[in-house]
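# just need the structure, nothing else, for what follows:
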Amino acid sequence: MDTPWVTSATALPQEGQPVEFVLDGRAVVMGGIYVRRTFRSRWAGYEVERVCTWRSAGAGADVAGSMSRASSGVDRGRRSDDSR
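The predicted structure follows:
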């Protein structure tokens, strides 16, 4: 994917936009959706302040269409425990 990474301090995605994001202090790319100033993965929501960079997941992203706007898929091949 050639979509550029954006810092959360610079700009935020549009409401309901599928995104990939990286939490501050982590090296794992997570997939999800941006809703109500929160980056949502399948398992949790992360406030803007916890996300250092994000990029648009684009039309070819693996975000399940049957899921609600409040949750979405995660790149399961690279997911680590995000319970910290």
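# where does pLDDT dip in this protein?
1, 59-84 (pLDDT under 70).
# try it again with 50
62-79, 81, 83-84 (pLDDT under 50).
# can you map out the strands along it?
6-7, 18-23, 29-35, 38-40, 45-47, 51-56 (DSSP state E).
# and the ones you listed as JSON lines, adding mean neighbour count?
To be clear about C-beta, it is placed using only N, CA and C from the backbone, and glycine gets the same treatment. Listed next are the strands of the chain as JSON lines, based on neighbours: other CB atoms under 10 Å:
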{"stretch": "strand 6-7", "mean neighbour count": "13"}
{"stretch": "strand 18-23", "mean neighbour count": "22"}
{"stretch": "strand 29-35", "mean neighbour count": "24"}
{"stretch": "strand 38-40", "mean neighbour count": "22"}
{"stretch": "strand 45-47", "mean neighbour count": "14"}
{"stretch": "strand 51-56", "mean neighbour count": "19"}
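# wait, what's in contact with Val19?
Counting by CB atoms under 8 Å, 6 or more residues apart in numbering, Val19 touches 13, 31-34, 39, 54-57.
# out of those, the closest to Asp2 would be?
Arg55 (9.6 Å; CB to CB).
# now the nearest residue to that closest one once chain neighbours are set aside: how far from Ser56?
Closest residue in space to Arg55, ignoring its immediate chain neighbours: Thr3 at 4.5 Å, by CB to CB, 6 or more residues apart in numbering. Distance from Thr3 to Ser56, counting by CB to CB, to the nearest Å: 5 Å.
# ok, Val48 next?
From Val48 to Ser56 the distance is 16 Å (CB to CB).
# please apply the same query to Glu20.
Glu20 sits 8 Å away from Ser56, going by CB to CB.
# between these two, what contacts are shared?
Here Glu20 and Ser56 have no joint contacts, going by CB under 8 Å, 6+ apart.
# residue contacts, Thr38?
Contact analysis of Thr38 by CB under 8 Å, 6+ apart lists 45-48.
# who does it bridge with?
According to DSSP bridges, the partner residues bridging Thr38 are Val35, Glu47.
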